[in-house]
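Engineer: Okay, sequence plus prediction incoming.
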Amino acid sequence: MELFRLTLASIINRKTFAIFAVLLIAIPFVLPYMTPWETKPSIIEPARAQAAWWMLWVTAACWLLFQGANIGDRWASHGILEYFKTLGVNRISQMGQLWLACFTVFAGMILITFGISTFTAMPGDPIEAKHWLITNCQYVILFLMVTAPLLMLSIALGTRFRGAAAYAVTIGLLVHGLFGIRYLEVFLADNTSPLLNFLYVVSPHYHLSDLTSRLVFKLGSLPWAELGNTAVYLGGLGLLTLAFSIQLYREVK
Amino acid sequence: MNHHTAPSRIELPKGLAIGYRSNALNGRKETRLAEANNEISLTPGRHLLLARNGRGKTTLLKTIARIIPALEGSVVSVGTIQFVDEDLRFDSEMKPKQIFSALFKKPQRKYALEMAEKIELDVEKPYGKLSKGNRQKVGLIVAETRTQCPGTHILLLDEPFSGLDFAAREAVDKVWSENQEGIVRLVCVHPDEPTLKADTALIIRDGALEQLQVKGSLDWMETKEALS
């Protein structure tokens, strides 16, 4: 696990995670007060949960994927991965160690968001509170199923191409999967183009993991069957991304 | 402090050919750089790898390290291989002390810091602010410290002295002499290196890879003539 320790030390030493950690804590407590909350004080808590989760998505897009692409690029071009290869650390182990180093830091950020959303925005009603807790747990699971494979992809792309290109591809996929598909859906309502339909089918439907609206509008937890279907879809997509990442990964540029 | 199971060694069979395979995707043709005329055996000790530019020194090291495949034949090696490239670079923001802490446990870390002191490396200065020679020292220390871990070791060092001044070379030479039991060191050097202490020398000339018994040190005028 030397590559893991070296990468983790590098991430911690660079301290960029601290900026996002501060924002993850501050934004959910500041942004809700920029709403017309005086007219309806009860919107503060849902707004806090919304801000917390959106800040986590922003952190995943701006920090996590960037770290993956940057570390993959840096370690491959600087000969570090080649050095570990000669020590007998194979590519899958290398990928796993790089992934784990990035995710170890990011796991702390997920915990911050989960803590803020669950414990500082929980409804007073016991039934609603139970649903709130379950929804937050479901959200964490689905969120992990999207971000974990994308991080692997950003690392693999970073080892093969330049870091900027690797980052652009992965952030593009995430933004398309979260927002682009929703626009595509609106467009497809009045259009029967087979090409657009095909694009819709093959696009990664990451928006399925976004449970923010269920929290904001207190829609209750996701039914277990629906959660299962979503998890199977995102799990399958994650496995495909992982397989693709393994093929792309290179120890030497 | 080496904990041996079987002595480390490298065997290069007669007919071993090194170079680059053809690649239909990028249109690269097969490039054959050198071939072993006789069987070559590298046992614990210091072995120099000498050749003029572009004759396959780094390619041979990478072939032994299994980074690239041999064109013909296969290398047999016993021991944990470390290939330390001349261009190996760590995180520019990290200090050497932090790099050693991340890579090694306490006893090895102590060894790394002691070696850093012997070869005059400032372990508190960020890696990115170190000179080329001092960066090379970090790679050398990492490689040398790993030999303190249990097992047998093979060090493949690609031009480790190119950025080091005379005093640093002597200090590294001393460390190697103190820590040579059971370790195969194959050191790629320029033929005009002033210090060429070795047990044997591998020479690539006219596409042939040969092993010379040195027993002490190489005379660089003789080496120059041999490679010309």
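Structural biologist: Received, thanks.
Engineer: Could you give the number of residues near whichever residue of the stretch 101-250 of chain A sits closest to chain B?
Structural biologist: As assessed by CB to the nearest CB, chain B sits closest to residue A:101 within the stretch 101-250 of chain A, at 10.3 Å. The way it works is simple: take the backbone N, C-alpha and C, and place the C-beta from them, glycine included. With neighbours defined by other CB atoms under 10 Å in any protein chain shown, the count for residue A:101 comes to 25.
Engineer: and what of residue B:125?
Structural biologist: Applying other CB under 10 Å, we find 14 other residues in the vicinity of residue B:125.
Engineer: how close does residue A:35 sit to chain B?
Structural biologist: Plainly put, residue A:35 is 40 Å away from chain B if you go by CB to the nearest CB, to the nearest Å.
Engineer: Chain neighbours aside, what residue packs nearest to that residue?
Structural biologist: In space, and not counting its chain neighbours, residue A:35 is closest to residue A:47: 5.5 Å by CB to CB, 6 or more residues apart in numbering or on different chains.
Engineer: roughly how far apart are that neighbour and residue A:212?
Structural biologist: 11 Å (CB to CB, to the nearest Å).
Engineer: cool, residue B:213 as well?
Structural biologist: 74 Å.
Engineer: These two: which is more packed in?
Structural biologist: residue A:212 (19 against 8).
Engineer: Wait, a helix at residue B:214?
Structural biologist: No. Assignment of residue B:214 by DSSP: H, G, I helix; E, B strand; the rest coil gives strand, placing it outside any helix.
Engineer: The spatially most central residue of chain B: what's it in contact with?
Structural biologist: Nearest to the mean C-alpha position of chain B, by CA atoms, centre = their mean, lies residue B:157 at 1.6 Å. Contacts for residue B:157 (CB atoms under 8 Å, 6 or more residues apart in numbering or on different chains) come out as B:84, B:140, B:143, B:185, B:186, B:187, B:188.
Engineer: cool, and residue A:120?
Structural biologist: So residue A:120 contacts A:28, A:29, A:45, A:48 (CB under 8 Å, 6+ apart).
Engineer: The second one - nearest residue in space that isn't next to it in sequence?
Structural biologist: In space, not counting the residues next to it along the chain, residue A:29 is nearest to residue A:48; the distance is 6.9 Å by CB to CB, 6+ apart.
Engineer: Pull the number of nearby residues for the one you found.
Structural biologist: 22.
Engineer: Now do the helix or strand containing it: which elements does it pack against?
Structural biologist: Residue A:48 belongs to helix A:44-59 when assigned by DSSP states H and E. Helix A:44-59 makes packing contacts with helix A:16-30, helix A:91-119, helix A:212-216 when contacts are defined by 3 or more CB pairs under 8 Å, 6 or more residues apart in numbering or on different chains; DSSP states H and E.
Engineer: For residue B:178, find the nearest of those helices.
Structural biologist: helix A:91-119 (32.5 Å; CB to CB).
Engineer: So which other helices or strands are in contact with that closest one?
Structural biologist: Helix A:91-119 sits against helix A:2-14, helix A:16-30, helix A:44-59, helix A:65-77, helix A:80-86, helix A:126-160, helix A:224-248, with contacts defined as 3+ CB pairs under 8 Å, 6+ apart.
Engineer: Dump these to a markdown table, plus mean pLDDT.
Structural biologist: A markdown table is the format used below for the helices and strands packed on helix A:91-119 (pLDDT from 0 to 100):
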| stretch | mean pLDDT |
| --- | --- |
| helix A:2-14 | 96 |
| helix A:16-30 | 96 |
| helix A:44-59 | 95 |
| helix A:65-77 | 97 |
| helix A:80-86 | 95 |
| helix A:126-160 | 96 |
| helix A:224-248 | 97 |
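Engineer: Deepest in the core, which of these is it.
Structural biologist: With neighbours taken as mean count of other CB atoms under 10 Å in any protein chain shown, the helices and strands packed on helix A:91-119 reach their highest mean count in helix A:65-77, at a mean of 25.
Engineer: what inclination does it have with respect to helix A:44-59?
Structural biologist: If you take axes from the mean of the first three to the mean of the last three CA atoms, to 10 degrees, helix A:65-77 sits at 20 degrees to helix A:44-59.
Engineer: What residues does chain B have near chain A?
Structural biologist: By the rule CB under 8 Å from any CB of the partner chain, the part of chain B lying against chain A is B:65-67, B:80-85, B:87-91, B:93-94, B:98-99, B:101-103, B:146, B:156.
Engineer: out of the residues you listed, which are buried?
Structural biologist: B:65-67, B:80-85, B:88-91, B:94, B:98-99, B:101-103, B:146, B:156 (16 or more other CB atoms under 10 Å in any protein chain shown).
Engineer: and chain A, which of its residues are near chain B?
Structural biologist: A:2, A:5-6, A:8-10, A:13-14, A:74, A:78-80, A:82-83, A:85-88, A:251-252.
Engineer: Could you pull up phi and psi at the residue nearest to the centre of chain B?
Structural biologist: Note on residue B:157: its backbone torsions stand at phi -110, psi 120 [degrees, to the nearest 10].
Engineer: Then the one 3 residues further on?
Structural biologist: Comment: the main-chain dihedrals of residue B:160 come out as phi -70, psi -20, following degrees, to the nearest 10.
Engineer: Equivalent analysis for the one 3 residues further on, please.
Structural biologist: Here the main-chain torsion angles of residue B:163 (degrees, to the nearest 10) amount to phi -110, psi 10.
Engineer: Identify each buried residue in stretch A:104-121, please.
Structural biologist: Those buried within stretch A:104-121 under the rule 16+ other CB under 10 Å are A:105, A:106, A:109, A:110, A:112, A:113, A:114, A:116, A:117, A:118, A:121.
Engineer: nearest to residue A:235, of those residues?
Structural biologist: When these are compared against residue A:235 (criterion: CB to CB), the nearest one is residue A:110, at 18.2 Å.
Engineer: residues in contact with that closest one?
Structural biologist: A:56, A:140, A:143, A:144.
Engineer: Could you rerun that using 10 Å?
Structural biologist: With CB atoms under 10 Å, 6 or more residues apart in numbering or on different chains as the criterion, the residues that contact residue A:110 are A:24, A:56, A:59, A:60, A:103, A:139, A:140, A:143, A:144, A:147.
Engineer: Equivalent analysis for residue A:196, please.
Structural biologist: A:184, A:187, A:188.
Engineer: By neighbour count, which of those residues wins?
Structural biologist: Counting neighbours by other CB under 10 Å, the top entry in the contacts of residue A:196 is residue A:184, with 17 neighbours.
Engineer: Leaving out sequence neighbours, find the closest residue to that one.
Structural biologist: Here the residue nearest residue A:184, using CB to CB, 6+ apart, is residue A:200, at 5.3 Å.
Engineer: now residue A:98
Structural biologist: residue A:155 (5.1 Å).
Engineer: Would you check that the one you found makes contact with residue A:170?
Structural biologist: Yes. Between residue A:155 and residue A:170 there is a contact under CB atoms under 10 Å: 9.4 Å.
Engineer: still on that earlier bit, show the contacting residues for the residue nearest to residue A:29.
Structural biologist: A:27, A:28, A:29, A:30, A:31, A:32, A:33, A:116, A:117, A:120, A:121, A:215.
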